[in-house]
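Trainee: With the input below, show me the fold.
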Amino acid sequence: QVQLVESGGGLVQAGGSLRLSCAASGRTFKGYVMGWFRQAPGKEREFVASISWSGASTYYADSVKGRFTISRDNAKNTVDLQMNSLKPEDTAVYYCAAKRTMVVRTTTSYDYWGQGTQVTVSS
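Mentor: Purely as a prediction, here's the structure:
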């Protein structure tokens, strides 16, 4: 059974940093793009960032470019999201996801999802 489990969420002041982590288990994720999404209250879930299987290619939403960094460790089956210069509008539940594709610029139709972790940024 495939599981994606997020951790690292919490409450932080504007301008601060948080590092989210996603632990994947249940299968090999070779050939899978890993992504992070978020959903704020009353809003649709939106794409945040994605990373290729090798880690050599990444893709970011414009709203987080330059502030967030996605990375993965295939030996540990983990994918992280380093979030710096956080803003109140970054407040959301953040989800880890996996998709079997070689296209890193993919923002929809992911195959597996985690349960999410809450990030709250106070002003």
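
Trainee: For the residue nearest the centre of the chain, give the beta-bridge partners.
Mentor: In the chain, the C-alpha nearest the mean C-alpha coordinate belongs to W36, at 2.3 Å (Cα atoms, centre = their mean). In this entry, W36 is beta-bridged to A49, C96, by DSSP bridges.

Trainee: isn't it right up against V93?
Mentor: No: using Cβ atoms under 8 Å, W36 is not in contact with V93, being 11.2 Å away. Bear in mind the C-beta positions are built from the backbone N, C-alpha and C, glycine included.

Trainee: so who does the residue nearest to the centre of the chain touch?
Mentor: 20, 22, 48-50, 70, 79, 81, 94-97 (Cβ atoms under 8 Å, 6 or more residues apart in numbering).

Trainee: now do T108
Mentor: Contact analysis of T108 by Cβ under 8 Å, 6+ apart lists F47.

Trainee: Could you check how far it is from V33?
Mentor: 12 Å (Cβ to Cβ, to the nearest Å).

Trainee: anything in contact with each of those two?
Mentor: In contact with both T108 and V33: no residue, using Cβ under 8 Å, 6+ apart.

Trainee: that older thread, can you check the contacts of W36 and name whichever has the most neighbours?
Mentor: Within those, neighbour counts (other Cβ atoms under 10 Å) peak at V79, which reaches 30 neighbours.

Trainee: Thought I70 was touching it, still the case?
Mentor: Yes: the criterion here is Cβ under 8 Å, and V79 meets it with I70 at 6.8 Å.

Trainee: can you list residues touching both of those two?
Mentor: 34, 36, 51.

Trainee: List just the nearest of those to A14.
Mentor: Nearest to A14 among the shared contacts of V79 and I70: W36, at 20.0 Å, using Cβ to Cβ.

Trainee: Quick one: low-confidence residue ranges for this structure.
Mentor: In the prediction, the chain carries no residues with pLDDT under 70.

Trainee: hey, where'd the strands end up in this structure?
Mentor: Assigned strands in the chain, in chain order: 3-7, 10-13, 18-25, 32-39, 46-51, 58-60, 68-73, 78-83, 92-100, 112-113, 117-122 (criterion: DSSP state E).

Trainee: What pairs with the first one, parallel or antiparallel?
Mentor: What it means is strand 3-7. When pairing is defined by DSSP bridges, strand 3-7 lines up against strand 18-25 (antiparallel).
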